[in-house]
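Novice: Can you look at this prediction? I've put the sequence above it.
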Amino acid sequence: MSTAPKRSYSVEDFSELINSRLQRLEDIEEARQRYGSLLAVLRQQVDSYRMRKGAGK
């Protein structure tokens with residue numbers, strides 16, 4: 001009885017799979033950095049707005 005897997009995978013199949021996974025991870029990381037910096041700017045603006053509003057009382 002054969003213990004070999006039913007489907008044989010080539011090296012190209014694996015490298016393609018790995019490359020697509022890596023590309024997805026890079027896209028996610030890029031988006032996280034971009035939106036992270038955007039959120040940081042928004043947070044600073046909100047903080048300064050609150051400080052001005054508080055000082056104006």
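Specialist: Perfect, thanks for sending it. Numbering: from 1, shown residues only.
Novice: Give me the number of neighbouring residues for Asp27.
Specialist: By other Cβ atoms under 10 Å, 10 other residues sit near Asp27. Bear in mind the C-beta positions are built from the backbone N, C-alpha and C, glycine included.
Novice: confidence score at the most centrally placed residue in the chain?
Specialist: Centroid-nearest residue in the chain, with Cα atoms, centre = their mean: Ile28, separated by 2.2 Å. Ile28 carries a pLDDT score of 93 in this model.
Novice: Quickly find the element holding it.
Specialist: In this structure, Ile28 sits in helix 11-55 according to DSSP states H and E.
Novice: so where's this structure shaky on pLDDT?
Specialist: For the chain, applying pLDDT under 70 flags the ranges 1-6, 56-57.
Novice: now do 90
Specialist: Confidence mapping of the chain against pLDDT under 90 gives the ranges 1-9, 11, 53-57.
Novice: what about the residue nearest to the centre of the chain, distance to Gly54?
Specialist: Distance, Ile28 to Gly54, by Cβ to Cβ, to the nearest Å: 38 Å.
Novice: And for Tyr35?
Specialist: Distance, Tyr35 to Gly54, using Cβ to Cβ: 28 Å.
Novice: One more: Glu30?
Specialist: In terms of Cβ to Cβ, Glu30 sits 37 Å off from Gly54.
Novice: mind saving the C-alpha coords of stretch 41-57 as PDB?
Specialist: Output in PDB follows, covering the C-alpha atoms of stretch 41-57 (Å, rounded to 0.1, in the frame of the first residue of the first chain):
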ATOM      1  CA  VAL A  41      -2.000  62.500  14.000                       C
ATOM      2  CA  LEU A  42      -5.800  62.500  14.700                       C
ATOM      3  CA  ARG A  43      -5.100  61.600  18.400                       C
ATOM      4  CA  GLN A  44      -2.700  64.600  18.700                       C
ATOM      5  CA  GLN A  45      -5.300  66.900  17.100                       C
ATOM      6  CA  VAL A  46      -8.000  65.700  19.500                       C
ATOM      7  CA  ASP A  47      -5.700  66.100  22.500                       C
ATOM      8  CA  SER A  48      -4.700  69.700  21.500                       C
ATOM      9  CA  TYR A  49      -8.400  70.500  20.800                       C
ATOM     10  CA  ARG A  50      -9.300  69.300  24.300                       C
ATOM     11  CA  MET A  51      -6.400  71.200  25.900                       C
ATOM     12  CA  ARG A  52      -7.500  74.500  24.100                       C
ATOM     13  CA  LYS A  53     -11.100  73.900  25.000                       C
ATOM     14  CA  GLY A  54     -10.200  73.200  28.600                       C
ATOM     15  CA  ALA A  55      -8.000  76.300  28.800                       C
ATOM     16  CA  GLY A  56     -10.700  78.500  27.400                       C
ATOM     17  CA  LYS A  57     -13.100  77.800  30.300                       C
END
